[in-house]
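[1] I'll drop the sequence and a predicted model, then ask my questions.
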Amino acid sequence: MGGDERVNSTRYAYETSLRLHVEPYFGTRAIGAIKPKDLKAWLKWMVEDRGYEASTAINRYETLSGVFSFAFANDYIAKNPCQQVKAGRSRAKRKTKKTIHLPTLAEIEAIAANLPGPLQLLVWLMAGCGLRIGEASAVSLQQIDFETGTLHVDRQITQDGENEKPTTKRQKAVTKGRGRAHCIRHLKWRDQDEGRSVPLPATIAAKIREHLRLHGTFRVEDGLNRIAGDYLFSNIGRTNILMYSLVNRLWRNAKKAAGITRKITPHWLRHFFASAGLSKGVSVTDMAEWLGHRDPKITHQTYAHIMPDAPQRLRTVMDSVFMLETELSLPLQFDTLVEAA
């Protein structure tokens, strides 16, 4: 990911957080008038009134904390109220891992069956390869190696692209600070030639081949907010790349049509992938690589609770090793004793 893309992504994240989470609570209050108690009340408001997970509230807090740190460093404010507010990310992470939700295979199949045919494969790429929704939406034919059974993940669809330069007053008003364009770009915080290779299960490979037979690909050329490739997905009219708003709307409709009333989000499919692998003995370090986690600690913190039998599996493995070694050494010891006699 290039420097300009990082700047655009960070700017978009800040603008979105300030517009959706800071302004609705603090309104037009001056930054210098905000006290530590106000920040604590804001954190509580996000969790209790808005229903955010603790980890989400912490992310929003850290965004605002960055603003206060900048203001303090540049003498816009005399004190930084964030220095007196402890918002524990590790504590939030511990709480988050207790609330990881998993869809059942029956629910996954039902949602996929109720999506439009050209988009059903999205579900299986997330559940079978652990892709994020933006990564799954951006899969191209060039990323798939059927021979080695590998999917190379190196791009994603996001909503933080460059808008074309506005020329009228209305266009300037619409694009200022919001409404960023959808774009295909390299993975966030990764170099352009960096990605990850994910094992492609034979069942998912078969679904990809069937998708190609029925729906083909959508050709995208290099350009503003675009990376060239033959993409598996597009919008319904096959005139543009797949947009987040369309995926979210169709997901809700498919869930309703399937008769599923409980909350299930596309990100749950990624949890399904991780839990299936870890519960069957896949190592945390391997799973971290395939999920795209920079640090295996993130994977362990998030999914440790779904591996309660891991200690017993280790005991069984080590016992089998020691028993095998003992059995192999017995004949040698017996022969030695006979020769000595």
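    Received the coordinates, thanks. Numbering: from 1, shown residues only.
[2] who's in contact with Gln142?
    229-230 (C-beta atoms under 8 Å, 6 or more residues apart in numbering). C-beta coordinates here come from the backbone N, C-alpha and C atoms, glycine included.
[3] and the gap between it and Arg219?
    11 Å (C-beta to C-beta, to the nearest Å).
[4] Mutual contacts of these two, please.
    Residues touching both Gln142 and Arg219 (C-beta under 8 Å, 6+ apart): 229-230.
[5] after the host helix or strand of Val47, next one along is what?
    Assessed by DSSP states H and E, Val47 sits inside helix 36-48. Tracing the chain C-terminally past helix 36-48 and defining elements by DSSP H and E, one meets helix 54-73 next.
[6] Now do that following helix against helix 36-48: the angle between them, please.
    Orientation of helix 54-73 against helix 36-48 (axes from the mean of the first three to the mean of the last three C-alpha atoms, to 10 degrees) gives an angle of 150 degrees.
[7] Give me the buried positions along helix 54-73.
    By neighbour count with 16 or more other C-beta atoms under 10 Å, helix 54-73 contains the buried residues 54-61, 63-65, 67-68, 72.
[8] distance between that helix and the chain's centre?
    With C-alpha atoms, centre = their mean, to the nearest Å as the basis, helix 54-73 stands 21 Å off its chain's centre.
[9] Now that helix - C-alpha only, CSV.
    The C-alpha trace of helix 54-73 is given here as CSV (Å, rounded to 0.1, in the frame of the first residue of the first chain):
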residue,chain,number,x,y,z
ALA,A,54,-16.0,-2.3,24.2
SER,A,55,-13.2,-2.8,21.7
THR,A,56,-15.1,-0.6,19.2
ALA,A,57,-15.5,2.1,21.7
ILE,A,58,-11.8,1.9,22.5
ASN,A,59,-11.0,2.3,18.8
ARG,A,60,-13.1,5.5,18.6
TYR,A,61,-11.5,6.8,21.8
GLU,A,62,-8.0,6.3,20.4
THR,A,63,-9.0,8.2,17.3
LEU,A,64,-10.1,11.2,19.4
SER,A,65,-7.1,10.8,21.6
GLY,A,66,-4.9,11.3,18.6
VAL,A,67,-6.7,14.6,18.0
PHE,A,68,-6.1,15.7,21.6
SER,A,69,-2.4,14.7,21.4
PHE,A,70,-1.9,16.8,18.3
ALA,A,71,-3.7,19.8,19.8
PHE,A,72,-1.6,19.5,23.0
ALA,A,73,1.7,19.1,21.1
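[10] Tell me where the stretch 201-341 of the chain has strands.
    Ranges of strands in the stretch 201-341 of the chain, per DSSP state E, counting those that start in this stretch, are 218-220, 229-231.
[11] deepest of those strands, which one?
    Mean neighbour counts were compared across these using mean count of other C-beta atoms under 10 Å; the top stretch is strand 229-231, at a mean of 19.
[12] still on that earlier bit, and which of the buried residues of helix 54-73 is nearest to Glu162?
    Distance to Glu162, by C-beta to C-beta, is smallest for Thr63 among the buried residues of helix 54-73, at 21.3 Å.
[13] Surely that closest one touches Arg19?
    No. With contact defined as C-beta atoms under 8 Å, Thr63 does not count as touching Arg19 (11.3 Å).
[14] Name the nearest residue to Ile227, ignoring sequence neighbours.
    Distances taken as C-beta to C-beta, 6 or more residues apart in numbering put Ile184 closest to Ile227, at 4.7 Å, once the chain neighbours are dropped.
[15] Note down every partner strand of the helix or strand encompassing that neighbour and its orientation.
    In this assignment (DSSP H and E), Ile184 forms part of strand 181-186. Counting by DSSP bridges, the strands paired with strand 181-186 are strand 155-161 (antiparallel).
[16] Centre of the chain to the partner strand, how far?
    The answer for strand 155-161 is 13 Å, by C-alpha atoms, centre = their mean.
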